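A.B. asks: Kindly generate the corresponding structure for this input.
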Amino acid sequence: MKPSDDLLAGLDDIDWAALGHAYGSAEDVPDQIRAACGPDEGAREDAFRHLFGNIFHQGTRYSASPYAVPFLARIATAGPPGARADALLLLTRLAVDWHDEYDLPLGIDTAAWRAAAISPEENLRWYDEQIATETDGKRLKNLREGRAYCAAGHPVDAREGALRSYDAVRAQLPVLLDLLGDPDAEIRTRTAYLLGWFPEEADAALPPLLACLDGERNPACAATVLVAVGLLADHDPDGRLRRHLDHGHPLPRWAAATALARLLVAHPAAAHGLPPAERVAAELAAFGAGPLPGAATAHHAGDLHSYTVRSLLHLMGAAEDPDGVLLEIVCALPHIEETGVVPRPLAARTENLLEALFDPADTAPVFAELSPGRRELLRVLAELLTAADFQSFPFGSDLHEQFTKYGLPRTRPALRAYVGLSTEGEDPNAPLPDPWEPFRTH
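C.D. replies: Here you go, the predicted structure:
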């Protein structure tokens, strides 16, 4: 596939006007695809920005979305150098949205996804049943319009609509697998990141991933491949993951530990021959206790410290000394950074920690009777969390309600007093700040 015309073969055979995206008819999509693989760099950037906004609008996929996938796959494999990485990123988002935020560290559960999706046929039957018994004229009109929308091929169930794009990308994997041998490290890295979300294609994806790993010199790419292998495999292929625990660069070491942690938790039958949970936890803890190296993977929106905390939480169940693992989790908390996906990541991770480590209670447990790991966790949270963290944020949650659920102090001053820290300068009666203040216009 070399001539640029090949990238667009069949583009005009699709009735784009009959398809939809976030802003209505998808008749503008073919011109955007043309521009995305055209010679003008500025036009390419604009085209991808529009495509992200209309066929993948805030994570929603539409009837036009899967039809764009084959052309994006061609651009990824043979498009202009400046367009290929963008095409791979859009393919990943069309396939799995931001599953990094809720499916790591164990990986995506496509079986559950498929079971939960409601097919168009099921939706049409539901509409027919409702229409047959509806007597209110306004509701009947809305039902008929909804049925017509569904019958025209537009997704009604968001999970089913997302699956259409996921399966469209899955159909392109045989072509995209070749990109693991691309001379461009960014292309190899983005391809490996994409492949980790297709467990149903593990048999086809693992051999080229491992072949890429054998000769990979780029730390970010090697780490991305290792995480992808860990998400897809049910064992450690030929001990590759274990050997990378001794890699000379901290990022591949972290990735190998992350992959092994997933295997220990998701496939305990494979634990024979793997390093013990304590060895894996120690490597994760060493990474989590320091700053990120210069390179990183795209997993968890680049917030690898949060990813590390999640992996360590899961490892607690496989470790002989769970409280020791908890103490290592505590060391990683100060390094969790804000990301574009989770504006208050420490507050968000705190909810996960509380849920995993404390039972709901009406009254606060006696602090001195808690395990050393739990005491240290609460001390660190008392130091790191601000008063604002305990209330609602535009993209966060009511953290003080979470503390209340477990019988723990629900304000920063009360939490500091509970763990024995100074409350000097803390006003327990001060009103919580307005979380919307930064967004108000004056």
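A.B. asks: quick one: residue 419 and residue 376 touch, right?
C.D. replies: No: between residue 419 and residue 376 there is no contact under CB atoms under 8 Å: 9.2 Å. For every residue, glycine as well, the C-beta is placed using N, CA and C.
A.B. asks: ok, residue 137 to residue 131 distance?
C.D. replies: Remark: distance between residue 137 and residue 131 (CB to CB, to the nearest Å) = 12 Å.
A.B. asks: Between those two, point out the one with more neighbours.
C.D. replies: Between residue 137 and residue 131, counting by other CB atoms under 10 Å, residue 131 is the more crowded of the two (14 against 8).
A.B. asks: Quick check: the more buried one touching residue 140?
C.D. replies: Yes: in this structure residue 131 lies within contact range of residue 140 using CB under 8 Å: 6.6 Å.
A.B. asks: Next SSE downstream of the strand or helix carrying residue 33?
C.D. replies: Using DSSP states H and E, residue 33 sits in helix 29-36. Moving toward the C-terminus from helix 29-36, the next helix or strand (DSSP H and E) is helix 41-54.
A.B. asks: Domain boundaries for the protein, per the record?
C.D. replies: 214-342, 344-425 (automatic domain parsing).
A.B. asks: Looking at those domains, spot the one closest to residue 194.
C.D. replies: Across the domains of the chain, residue 194 has its closest neighbour in domain 214-342 (8.5 Å, CB to CB).
A.B. asks: Which parts of this structure are strands?
C.D. replies: For the chain, the strands defined by DSSP state E cover 20-21, 24-25, 56-57, 60-61.
A.B. asks: how about low-confidence regions in this protein?
C.D. replies: Applying pLDDT under 70 to the chain flags residues 1-5, 337-345, 347-349, 391-397, 427-442.
A.B. asks: Backbone dihedrals for the spatially most distant residue from the centre of it, please?
C.D. replies: In the chain, the residue that sits farthest from the middle, by CA atoms, centre = their mean, is residue 135; the gap is 44.4 Å. Per-residue torsions, residue 135: phi -110, psi -20 (degrees, to the nearest 10).
A.B. asks: again, but for residue 183
C.D. replies: phi -70, psi -20.
A.B. asks: Name all residues that make contact with residue 152.
C.D. replies: 18, 63 (CB atoms under 8 Å, 6 or more residues apart in numbering).
A.B. asks: An error on my part: the question was meant for residue 281.
C.D. replies: Residues in contact with residue 281, defined by CB under 8 Å, 6+ apart, are 261, 312, 315, 319, 324, 325, 328.
A.B. asks: could you check the distance from the residue nearest to the spatial centre of the chain over to residue 255?
C.D. replies: Centroid-nearest residue in the chain: residue 100, 1.0 Å away (criterion: CA atoms, centre = their mean). Using CB to CB, we find residue 100 at a distance of 14 Å from residue 255.
A.B. asks: got it, and residue 137?
C.D. replies: 60 Å.
A.B. asks: just residue 219 next, same as before
C.D. replies: Residue 219 is 9 Å from residue 255, by CB to CB.
A.B. asks: One more: residue 6?
C.D. replies: Taking CB to CB, one finds residue 6 at 36 Å from residue 255.
A.B. asks: and what of residue 83?
C.D. replies: Residue 83 is 28 Å from residue 255, by CB to CB.
A.B. asks: Compare these two and say which is more crowded by neighbours.
C.D. replies: More crowded of residue 83 and residue 255, by other CB under 10 Å: residue 255, with 30 against 22.
A.B. asks: Is it correct that the more buried one is in contact with residue 222?
C.D. replies: Yes: in terms of CB under 8 Å, residue 255 counts as a neighbour of residue 222; the distance is 7.2 Å.
A.B. asks: so what sits against both of these two?
C.D. replies: Any residue near both residue 255 and residue 222 by CB under 8 Å, 6+ apart counts here, and that gives residue 244.
A.B. asks: what's the closest residue in space to residue 351 that isn't next to it in sequence in contact with, if anything?
C.D. replies: Once flanking residues are discounted, residue 351 sits nearest to residue 402: 5.2 Å by CB to CB, 6 or more residues apart in numbering. Residues counted as contacts of residue 402 (CB under 8 Å, 6+ apart) are 350, 351, 354, 355.
A.B. asks: cool, residue 316 as well?
C.D. replies: 322, 325, 326, 356.
A.B. asks: Now do stretch 16-29: distance from first to last residue.
C.D. replies: One end of stretch 16-29 to the other measures 7 Å (CA to CA, to the nearest Å).
A.B. asks: List the buried residues in it.
C.D. replies: Neighbour-count burial for stretch 16-29 flags 16, 19, 20, 21, 22, 26, 28, 29 (criterion: 16 or more other CB atoms under 10 Å).
A.B. asks: Which one of these is nearest to residue 298?
C.D. replies: residue 22 (23.9 Å).
A.B. asks: In this structure that closest one contacts residue 51, no?
C.D. replies: No: the criterion here is CB under 8 Å, and residue 22 misses it with residue 51 at 10.7 Å.
A.B. asks: I appreciate the help and will end here.
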